[in-house]
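> Have a look; sequence and predicted model below, questions after that.
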Amino acid sequence: MSENQTVMPRALLVPVKGILLPDHIAKDLDAVSAFCPHPSDILIAAFPKSGSTWTAEIVDQLLHNGDVESCRRAPITVRTAFLEASNRLRTKSGLHQLKEMAPPRVIKTHLPIQMVPVGFWEKKCKTIYVARNAKDTVVSFYHFHHMNLASPEPGPWESFVHKFMHGELAWGYWHDHVKGFWEEQEKRDILYLFYEDMKENPRREVERIMKYLDLSLSDDDIGHIVELTTFKNMKENPMTNFSFFPPEIYNQSISKFMRKGEVGDWKNHFTPEQSAAFDEDYEKKMKQANIPFKTEL
């Protein structure tokens with residue numbers, strides 16, 4: 001970062017209905033809660049760093065039949081509205097952006113299910129949830145905190161893992177987040193995806209998304225979308241790699257927004273002792289959930 005660039009003050013976390021949120025997001029949550037979607041809107045929900053950008057790009061590609069030019073018409077943050085985003089890090093808040101977009105709109109959120117505006121359920125909007133295993137999520141979230149200079153100070157790895165386990169990071173407990181959408185998936189007609197499945201068999205998962213959205217694309221178009229949305233291609237694509245964000249906010253010389261995208265990278269970060277303690281805590285919080293996460297492929 002050059003000397004004449006403004007240093008972005010890091011966000012503070014404040015509790016809202018028992019969930020910690022960045023202060024600039026928390027202040028507008030009442031307006032977010034009152035948001036009324038169009039029935040054709042598509043909601044993509046996820047805990048941070050679990051694959052929401054990837055899923056949003058796949059959805060946008062499907063809506064445009066895998067047309068490269070259509071999907072490079074603007075950065076992913078313009079094509080997809082981040083529902084609860086404030087105008088602190090962007091030129092427009094998510095709500096402002098949505099007012100200017102014509103349905104069907106692709107809308108992203110990190111809010112836990114109890115904070116999702118009820119309008120999404122009342123209008124029976126298509127909702128896709130993507131979940132990533134806890135260990136890889138905390139690793140990715142840790143690196144994101146370092147490169148996102150507007151996020152709360154991450155502190156050392158050991159304390160960051162502790163905060164993750166105890167719901168002391170933005171958007172609360174990962175455990176409650178993934179369980180909340182899992183338990184409501186049938187009642188709310190939510191398509192529940194796993195990051196690991198998307199890595200293991202991307203074509204199968206793209207086809208699942210297509211069918212859920214009541215779309216029909218040719219085999220060639222599907223194959224094209226699978227290729228365009230590989231981690232390598234998205235990392236190189238200036239419309240998806242967040243290189244359009246100013247470095248005083250996302251300093252990608254510290255860590256790339258799209259860093260590795262691997263399953264099992266947690267093994268390079270957890271000590272055996274940390275892994276054992278994390279696993280013990282995980283079993284307590286997730287023992288009744290029966291959510292089939294994979295921590296390696």
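Arrived safely.

> Count the neighbours of residue 78 for me.
15 (other C-beta atoms under 10 Å). Bear in mind the C-beta positions are built from the backbone N, C-alpha and C, glycine included.

> For residue 140, which non-adjacent residue is closest in space?
Nearest residue to residue 140, sequence neighbours excluded (C-beta to C-beta, 6 or more residues apart in numbering): residue 49, at 3.9 Å.

> Please export the C-alpha coordinates of stretch 282-296 as PDB.
The C-alpha trace of stretch 282-296 is given here as PDB (Å, rounded to 0.1, in the frame of the first residue of the first chain):
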ATOM      1  CA  TYR A 282     -17.300 -29.800  17.100                       C
ATOM      2  CA  GLU A 283     -18.700 -33.100  18.400                       C
ATOM      3  CA  LYS A 284     -20.500 -31.400  21.200                       C
ATOM      4  CA  LYS A 285     -22.100 -28.800  19.000                       C
ATOM      5  CA  MET A 286     -22.900 -30.900  16.000                       C
ATOM      6  CA  LYS A 287     -23.700 -34.400  17.500                       C
ATOM      7  CA  GLN A 288     -27.400 -34.200  16.700                       C
ATOM      8  CA  ALA A 289     -27.100 -32.600  13.300                       C
ATOM      9  CA  ASN A 290     -25.900 -35.400  11.100                       C
ATOM     10  CA  ILE A 291     -24.700 -33.100   8.400                       C
ATOM     11  CA  PRO A 292     -22.300 -35.100   6.100                       C
ATOM     12  CA  PHE A 293     -19.300 -32.800   6.000                       C
ATOM     13  CA  LYS A 294     -16.000 -33.900   4.500                       C
ATOM     14  CA  THR A 295     -12.700 -32.500   5.700                       C
ATOM     15  CA  GLU A 296     -10.700 -34.100   2.900                       C
END
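
> Please compute how far it lies from its chain's middle.
Centroid separation for stretch 282-296 versus its chain: 20 Å, with C-alpha atoms, centre = their mean, to the nearest Å.

> List the contacts of the residue nearest to residue 140.
Going by C-beta atoms under 8 Å, 6 or more residues apart in numbering, residue 49 touches 132, 137, 140, 141, 144.

> so where does it fall, helix or strand?
Of the helices and strands defined by DSSP states H and E, none includes residue 49.

> Just the buried residues of the helix or strand in which residue 276 is found, please?
Using DSSP H and E, residue 276 sits in helix 272-286. For helix 272-286, burial by neighbour count (16 or more other C-beta atoms under 10 Å) applies to 274, 275, 278, 281, 282, 285, 286.

> so which two of those residues are the farthest from each other?
Greatest spatial distance in these: 274 and 286, 17.5 Å, computed using C-beta to C-beta.

> related to what we said a few turns ago, let me have the buried residues of helix 272-286 in TSV, extended by distance to residue 108.
Below are the buried residues of helix 272-286 laid out as TSV (distance: C-beta to C-beta, whole Å):
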residue	distance to residue 108
274	31
275	31
278	27
281	28
282	26
285	25
286	25
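
> pretty sure residue 237 contacts residue 72?
Yes - with contact defined as C-beta atoms under 8 Å, residue 237 counts as touching residue 72 (7.5 Å).
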